[in-house]
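**Q** coords please:
(chains A, B, C and D)
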There are 2 protein chains.
Amino acid sequence: MNLQPPRTRIQRKNTENILNAGLEVFSRHGFRGATLDQIAAEAGLSKPNLLYYFPSKEAIHVTLMDRLMQTWLDPLRKLDAGGDPVAELLAYVRRKLQMSRDFPRESKLFANEILQGAPRMLAALEGDLKRLVDEKATVIAGWSRAGRLARIDPHHLIISIWALTQHYADFDVQIRAVLGPGHDPMTEAESYLVTLFTKLLTPEG
Amino acid sequence: MNLQPPRTRIQRKNTENILNAGLEVFSRHGFRGATLDQIAAEAGLSKPNLLYYFPSKEAIHVTLMDRLMQTWLDPLRKLDAGGDPVAELLAYVRRKLQMSRDFPRESKLFANEILQGAPRMLAALEGDLKRLVDEKATVIAGWSRAGRLARIDPHHLIISIWALTQHYADFDVQIRAVLGPGHDPMTEAESYLVTLFTKLLTPEG
DNA sequence: CCTGTTCTTGACCGATTGGTCAAAAAGAAC
DNA sequence: GTTCTTTTTGACCAATCGGTCAAGAACAGG
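**A** Predicted structure coming up:
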């Protein structure tokens, strides 16, 4: 309904079911490709019942996007300016890759939104995200200048961490097809990416 | 119509218009999110007129996917086992990045298909693509063993080249938002990625 | 010009879309 | 059990979906 924090247990449960179903459907088909009937079926509810909890398809999507932006920013927030540069960045890579492994649907939902031109997320990208990235980029640049990190463009470094880690979630079908059976892409990715970024970031290579 | 190679000029032109419009719409909204009316409008045709050239929405998509798979494989095909290892791989990176710059819609169409689980492309991924990748991975492994290239997992190297180059096309909105105005992501990406892969691939680093 | 083919279109179809509504069912409080 | 609120649902709506069709318009070749 319209009460912001769901009160009864049944409200909490159904709201959560709907968001989970929405995540499933939106992440696979995008906003326009997803249907309320599909989401309702996935959530185990009738369509009117679903619309009792969320006023519209868009409302479900907006709620998901809000949550998503927070989850998405979290790993970068934890990058500690006081820690060891290489170790901190490697830990960030690991956190991001863990998110790809544990929340592939969230990663795909995000990818879908960006692919469509981020119509419902552009403000957050240019606001919160840009601010956070600029802040952390300054930290990285400082490390680089102090010789504690290889010389590297901080913004593009962050972008390449996103690209490499998210790719393993978003393109997992392709990766599995190319690697063939008997591979665990995520496990292989972790050691591969740690090696890659160690080589890339360690100063005086 | 049903004749495979379009004969008249008007057929060629309209077919091309439709495919171009389909690329535009499918790459932004995915298969289910795209509508025939949208594609028809984009192509400057009426809907029945569009269906005079293609029997169905799916037929347009299939045609686009066939073309896409070829364009997508081409840059990797050109990787020459006889050339200099690092130079060959850097050239591959540049080719892939050029594709991201020159054909961003194709890249997004591909990303959309994979995100949705590659329902109309899985066979090609497990067939042509896997064969080609395995072949080139063998070449790379040979280079690595001969000490002409840094030790690296060939499959994941190829995957990371895909991830890094395609990201600049698929996530351009986010990248522009994060970099802010006054940046040319693609130009910056080229020098950044060349530096990155030089460092990564040059032996005895 | 005429004739046959190619191309284009308006009207239309059943199915599905996002969403409404009134009324019934299920809980909760007493 | 009665009453009040919360939850659920079947029936329904206008708009849009992918696709059909018959008839007309434009274009050939002669």
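**Q** Mark out where each domain of chain A begins and ends.
**A** A:7-55, A:64-201 (automatic domain parsing).
**Q** Checking the nearest residue to residue A:49 once chain neighbours are set aside next. Helix, strand or coil?
**A** Nearest residue to residue A:49, sequence neighbours excluded (CB to CB, 6 or more residues apart in numbering or on different chains): residue A:40, at 7.3 Å. C-beta: built from backbone N, CA, C; applies to glycine. Three-state assignment for residue A:40 (DSSP: H, G, I helix; E, B strand; the rest coil): helix.
**Q** quick one: what helix or strand has the closest residue to DNA strand D within chain A in it?
**A** Relative to DNA strand D, the nearest point of chain A is residue A:48 (3.2 Å; CB to the nearest atom of the strand). For residue A:48, the element it lies in under DSSP states H and E is helix A:47-53.
**Q** same deal with residue A:91?
**A** Element membership of residue A:91, judged by DSSP H and E, is helix A:85-102.
**Q** Would you indicate which residues of that helix are buried?
**A** A:85-86, A:88-97, A:99-101 (16 or more other CB atoms under 10 Å in any protein chain shown).
**Q** Now do that helix: which elements does it pack against?
**A** Under the contact criterion of 3 or more CB pairs under 8 Å, 6 or more residues apart in numbering or on different chains; DSSP states H and E, helix A:85-102 touches helix A:57-77, helix A:104-115, helix A:130-145, helix A:154-170, helix A:185-201.
**Q** relative to helix A:185-201, how tilted is the third one?
**A** If you take axes from the mean of the first three to the mean of the last three CA atoms, to 10 degrees, helix A:130-145 sits at 50 degrees to helix A:185-201.
**Q** Establish whether helix A:130-145 and chain B are in contact.
**A** Yes - judged by CB under 8 Å from any CB of the partner chain, helix A:130-145 and chain B are in contact via A:130, A:133.
**Q** now, which of the buried residues of helix A:85-102 sits nearest residue A:14?
**A** Nearest to residue A:14 among these, counting by CB to CB, is residue A:99 at 26.4 Å.
**Q** Give me the pLDDT value at the closest one.
**A** With respect to pLDDT, residue A:99 has a value of 98.
**Q** Against residue B:114, how distant is it?
**A** Taking CB to CB, to the nearest Å as the measure, residue A:99 falls 19 Å from residue B:114.
**Q** Also residue A:134?
**A** 31 Å.
**Q** quick revisit: which residues touch the residue nearest to residue A:49?
**A** A:21, A:46-47, A:49-50 (CB atoms under 8 Å, 6 or more residues apart in numbering or on different chains).
**Q** any chance of those in CSV, with neighbour count and pLDDT too?
**A** CSV is the format used below for the contacts of residue A:40 (neighbours: other CB atoms under 10 Å in any protein chain shown; pLDDT from 0 to 100):
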residue, neighbour count, pLDDT
A:21, 21, 98
A:46, 12, 97
A:47, 14, 98
A:49, 13, 98
A:50, 24, 98
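**Q** Could you dump the residues you listed into TSV with distance to residue B:199 added?
**A** TSV is the format used below for the contacts of residue A:40 (distance: CB to CB, whole Å):
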residue	distance to residue B:199
A:21	45
A:46	57
A:47	55
A:49	56
A:50	52
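**Q** Contacts made by the helix holding residue A:48 with the rest, please.
**A** So helix A:47-53 is contacted by A:1, A:11, A:14-15, A:18, A:36-37, A:39-40, A:43 (CB under 8 Å, 6+ apart).
**Q** can you rerun that using 7 Å?
**A** Under the contact criterion CB atoms under 7 Å, 6 or more residues apart in numbering or on different chains, helix A:47-53 has outside partners A:1, A:14-15, A:18, A:36-37, A:39-40, A:43.
**Q** pretty sure residue A:136 is touching residue A:78, no?
**A** No - the pair residue A:136 and residue A:78 fails to qualify as a contact (CB atoms under 7 Å) at a distance of 10.2 Å.
**Q** From the neighbour counts alone, determine which of the two ranks first.
**A** residue A:136 (21 against 12; other CB atoms under 10 Å in any protein chain shown).
**Q** now the helix or strand where residue A:178 lies: how far from the chain's centre is it?
**A** Assessed by DSSP H and E, residue A:178 sits inside helix A:172-179. Helix A:172-179 sits 20 Å away from the centroid of its parent chain (CA atoms, centre = their mean, to the nearest Å).
**Q** Quick one: list the elements packing against that helix.
**A** helix A:185-201, helix B:130-145, helix B:154-170 (3 or more CB pairs under 7 Å, 6 or more residues apart in numbering or on different chains; DSSP states H and E).
**Q** Pull up the gap between residue A:201 and residue A:88, please.
**A** 10 Å.
**Q** whoops, I mixed them up, residue A:120
**A** With CB to CB as the criterion, residue A:120 and residue A:88 are 32 Å apart.
**Q** Over to residue A:82?
**A** For residue A:82 relative to residue A:88 (CB to CB), the value is 9 Å.
**Q** What of residue A:195?
**A** 17 Å.
**Q** same for the lengthiest helix in chain A, what does it pack against?
**A** The longest helix of chain A (DSSP state H) is helix A:9-33. The contact analysis (3+ CB pairs under 7 Å, 6+ apart) places helix A:9-33 against helix A:36-43, helix A:47-53, helix A:57-77, helix A:104-115, helix B:9-33.
**Q** Having no further points to raise, I will conclude here.
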